[in-house]
Each structure stands twice: as structure tokens, then as C-alpha cells.
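# Structure for this input, please:
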Amino acid sequence: MLVGYRLEGRVARLTLDSPHNHNALSTALVEQLHRGVDDAVAAGARVVVLGHTGPTFCAGADLGEAAGRDPGDVAVARAREMTRLLRVILEAPVPVIAAVDGHVRAGGMGLIGACDIAVAGRASTFALTEARIGVAPSIISLTLLPKMTARAAGRYFLTGEKFGAQRAAEIGLISIAAEDVETEVAGLTADIAKASPQGLAASKALTTAPILAGFDARAEQLTTQSADLFGSAEAREGMLAFLQKRSPDWV
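You can find the predicted model right below:
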């Protein structure tokens, strides 16, 4: 299993557990995470906590999984998988809390953007590195742009630079930069558990409706953009350079 699941009273804990590839978003991991959210809701959980094993919360797409396949086809499949997963998190009738105590890159940032609350340890780091391999944060922009300040998005979408938890809190990417992630999450789940299921669902829907409207308006266009970028010569060179741990030779 790549995603652990356990139910503790009214709290469902989903744990990204693929540390060998930095919890990269492979097809199998995405499917298991999707199923875990569904299972938590079906079991009557009042809140879902999304955590991780290893020093990385999520490194983004599993580039190695695309080897030997048409990049455009892979990009379309991945974009649709990611869209469905982010929708599942947004449309779940219970809050989802990201519990981050490590590094977050690329698609992992989109997961955090989809969560209702994000808590990160002060040693955590964040980066949107897509432009460095010749692509763009297409689908995940649907959850990131509504959360990050416009100035911050304009900077970090372009530079790919790393920033820390305190900065992530200042720009709206996360809710809390915490000294102790588990203590902070325990307090949040205790408060959420006091709410009624109906109250939680209706209150969450108020905050996610504008984001979901963006999905309806732009997801298909961004899927096409993602396919075009991933199928380009620049992206092929960028991904190959990344896998070979060398600098890309851009066209």
C-alpha cells in the first residue's frame, strides 16, 4: 500500500507512504488516496488528516512512471487523475487537514491547496519547480491561485525557488507554521469534532464553491495545455535531464 488508512474515532488519517520515491504522485498512489478519502467519508469520519512518512510530503508527479510512453498521452491521463483527486478533496463533506513536516514540491503543492487547512512544521520547504523542466503548474493552479496572494504566485510560479513554512503562511498557502505539527493538528481535530456533520458540510461548501467553479470553467483547457507542454521537445529534455541529474540542454 502506498497510502495508509486508519480511523481514530471521528478522525481518519491518510498517510502518503511511498518514501522510496518521495511520495511522488504515481497513478497507484493517486487512486489509493482518492479511495482513502471516499472510505473516510463512508465510515462517518468528521475530519480527514493527510500526513506522510519520510522527509518529503510529496515531490509531485512520478516522472519515472512516464518512461517509454507518449508524453502527451501521459500528460492527459495525469491531468485527469489529478483533477479528479483534487475535486474529491474539495467536494468531500468533511474538512481535510494537510499535516506537513517535510518538503513539498510541484503537484504536492496542489494537494495542499485543495486541503481546507494546512499545518506545516517550521523546517518544511515548498517550491513550484515545473518551469525548470519545461512545463507549468497547470491543473494545480486551480487550487493554488485561489489560496496564494497574486504577487506570491507571480514570483514562485516563475522562479521555482524554495521558501519556508513561515513564508508559506504569509502568502496563504498554508494556515499555520507550527513548532509541533501533531499538537497543532490534534487541537484542530478536537475543535472540528464538536461540529455537526451538516454544519461542517455546509460551511466547507461555502469556501470551496468558488474554487470548484474554476474547475468547471478551466480544467479541460488546462488539461490540453498540460498535454501540449509535456509533449514538447523542451519538456522531454527537461524531464530527461532531471532523471539523469544533469542540467538541461534547452532547444
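# Low-confidence regions, the stretch 1-150 of the chain specifically.
66-72 (pLDDT under 70).
# what about the strands in it?
3-8, 11-16, 47-52, 56-58, 96-100, 103-105, 117-121, 125-127 (DSSP state E, counting those that start in this stretch).
# Just tell me which of these ends up closest to Leu212.
strand 96-100 (14.2 Å; CB to CB). In short, each C-beta sits where N, CA and C put it, glycine included.
# just how off-centre is that closest one within its chain?
10 Å (CA atoms, centre = their mean, to the nearest Å).
# Stretch 209-217 now?
Distance of stretch 209-217 from the chain centroid (CA atoms, centre = their mean) equals 17 Å.
# Would you mind pulling the contact partners of that stretch?
83, 86-87, 90-91, 142-143, 145-146 (CB atoms under 8 Å, 6 or more residues apart in numbering).
# if you set the cut-off to 6 Å instead, what comes out?
Under the contact criterion CB atoms under 6 Å, 6 or more residues apart in numbering, stretch 209-217 has outside partners 90, 142, 146.
# can you redo the strands of the stretch 1-150 of the chain as CSV with distance to Tyr156?
Formatted as CSV, those follow (distance: least, CB to CB, whole Å):
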stretch, distance to Tyr156
strand 3-8, 27
strand 11-16, 22
strand 47-52, 21
strand 56-58, 16
strand 96-100, 16
strand 103-105, 12
strand 117-121, 15
strand 125-127, 7
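# Can I get those in JSON lines including mean neighbour count and distance to Ala241?
Converted to JSON lines, the strands of the stretch 1-150 of the chain look like this (neighbours: other CB atoms under 10 Å; distance: least, CB to CB, whole Å):
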{"stretch": "strand 3-8", "mean neighbour count": "15", "distance to Ala241": "30"}
{"stretch": "strand 11-16", "mean neighbour count": "22", "distance to Ala241": "26"}
{"stretch": "strand 47-52", "mean neighbour count": "25", "distance to Ala241": "27"}
{"stretch": "strand 56-58", "mean neighbour count": "27", "distance to Ala241": "20"}
{"stretch": "strand 96-100", "mean neighbour count": "26", "distance to Ala241": "28"}
{"stretch": "strand 103-105", "mean neighbour count": "25", "distance to Ala241": "16"}
{"stretch": "strand 117-121", "mean neighbour count": "25", "distance to Ala241": "29"}
{"stretch": "strand 125-127", "mean neighbour count": "20", "distance to Ala241": "17"}
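# Of the ones you listed, which is nearest Ser226?
Of the strands of the stretch 1-150 of the chain, nearest to Ser226 by CB to CB is strand 103-105, at 16.7 Å.
# okay, which residue is most central for the chain?
For the chain, the residue sitting closest to the mean C-alpha position, by CA atoms, centre = their mean, is Leu111 at 1.7 Å.
# what separates that one from Ser232, distance-wise?
Distance of Leu111 to Ser232, computed by CB to CB, to the nearest Å: 25 Å.
# likewise Thr15?
35 Å.
# my read: Cys115 touches Ala99, true?
No. At 9.4 Å, Cys115 does not count as touching Ala99 under the criterion of CB atoms under 6 Å.
# For stretch 4-22, what is the distance to the chain centroid?
Averaging C-alpha positions (CA atoms, centre = their mean) puts stretch 4-22 15 Å from its chain's average.
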